[in-house]
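Asks: no sequence on this one, just coordinates:
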């Protein structure tokens with residue numbers, strides 16, 4: 001039976017630390033601020049955005065929500081990003097995905113100032129990550145949160161075989177760089193990878209971010225492996241589930257994250273933590 005990685009508990013610890021950091025910065029006249037830009041009425045995005053806003057305010061972080069209709073133009077969003085880049089009260093800018101089809105999300109992401117790019121997706125920040133530069137720069141929040149979980153649970157990385165299923169710029173690619181930088185041996189796969197199960201059975205650490213409910217079950221896991229489930233899928237019953245069949249996998253894995261209660265809380269906690277980082281770096285270097 002696997003040890004369950006408690007993302008909620010760890011996120012609570014991080015949030016407590018973040019709140020204390022905010023109070024300390026406030027004493028220095030620094031008031032961290034985050035702006036979230038959302039377009040359209042995707043229900044999941046709206047809920048997620050509201051949760052971010054509530055958490056920021058609870059931790060003492062100034063939170064601004066810029067909501068646009070589904071038919072917003074790209075020029076309108078770019079103008080908003082430009083204003084936020086120049087707004088001295090805003091330290092972190094996040095554009096909520098997915099964007100409406102008329103919007104090229106890459107152009108919007110690239111327009112965010114690298115110093116305010118709290119999602120770590122600007123090419124300059126991604127380049128620093130892949131180059132493993134020893135400087136201050138933001139890293140995609142979910143990968144950063146996953147690395148924190150692995151550290152907290154004393155998961156060895158150096159020399160370990162890691163398989164990541166999912167090649168997204170938000171999760172898979174930054175994780176590839178982070179794990180490579182930690183001297184792990186990393187293989188990146190996708191839903192269409194030939195003999196995927198054969199590959200996943202070699203993984204000491206398996207990270208699944210494919211967006212396919214129950215893509216991975218016990219038969220696909222190496223005994224004793226650490227399994228990180230990034231997937232959040234809502235079934236027709238309304239139940240939330242991950243990309244891993246938790247009930248079967250927990251009988252074979254050594255460590256495993258649940259859904260919900262695993263990676264999700266860590267992503268929001270890391271977003272808040274990194275917002276404070278950006279404020280501190282901007283004022284103190």
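Replies: Perfect, thanks for sending it. Since the structure is predicted, the reported quantities are computational estimates derived from the model, not experimental observations.

Asks: Pull up the gap between the residue lying closest to residue 243 once chain neighbours are set aside and residue 140, please.
Replies: With C-beta to C-beta, 6 or more residues apart in numbering as the measure, residue 231 is the residue that lies nearest to residue 243, at 3.1 Å, once sequence neighbours are left out. (Glycine included, C-beta is placed from N, CA and C.) Separation of residue 231 from residue 140 (C-beta to C-beta, to the nearest Å) stands at 16 Å.

Asks: And residue 254, by the same measure?
Replies: 26 Å.

Asks: And for residue 260?
Replies: Going from residue 260 to residue 140 by C-beta to C-beta gives 20 Å.

Asks: And these two? Which one has more around it.
Replies: When residue 260 and residue 140 are compared on other C-beta atoms under 10 Å, the one with more neighbours turns out to be residue 140, at 29 against 14.

Asks: Can you pull the phi/psi pair for the residue nearest the centre of the chain?
Replies: If you average the C-alpha coordinates of the chain and look for the closest C-alpha using C-alpha atoms, centre = their mean, you land on residue 142, 1.8 Å from that point. Backbone dihedrals for residue 142, given as degrees, to the nearest 10, come out at phi -60, psi -50.

Asks: pretty sure it contacts residue 263?
Replies: Yes: using C-beta atoms under 8 Å, residue 142 makes contact with residue 263 at a distance of 6.4 Å.

Asks: so what sits against both of these two?
Replies: Listed as contacting both residue 142 and residue 263 by C-beta atoms under 8 Å, 6 or more residues apart in numbering are residue 230.

Asks: Which parts of the stretch 151-285 of the chain are helices?
Replies: The residue ranges that make up the helices of the stretch 151-285 of the chain, judged by DSSP state H, counting those that start in this stretch, are 172-181, 196-200, 246-249, 263-284.

Asks: Can you point out the buried residues in the second one?
Replies: Same thing as helix 196-200. Applying a neighbour-count criterion of 16 or more other C-beta atoms under 10 Å, the buried positions in helix 196-200 are 196, 199, 200.

Asks: try the third one
Replies: By neighbour count, and taking 16+ other C-beta under 10 Å as the criterion, the buried residues in helix 246-249 are 246, 248, 249.

Asks: so what secondary structure elements neighbour it?
Replies: Contacts defined by 3 or more C-beta pairs under 8 Å, 6 or more residues apart in numbering; DSSP states H and E place helix 246-249 against no helix or strand at all.
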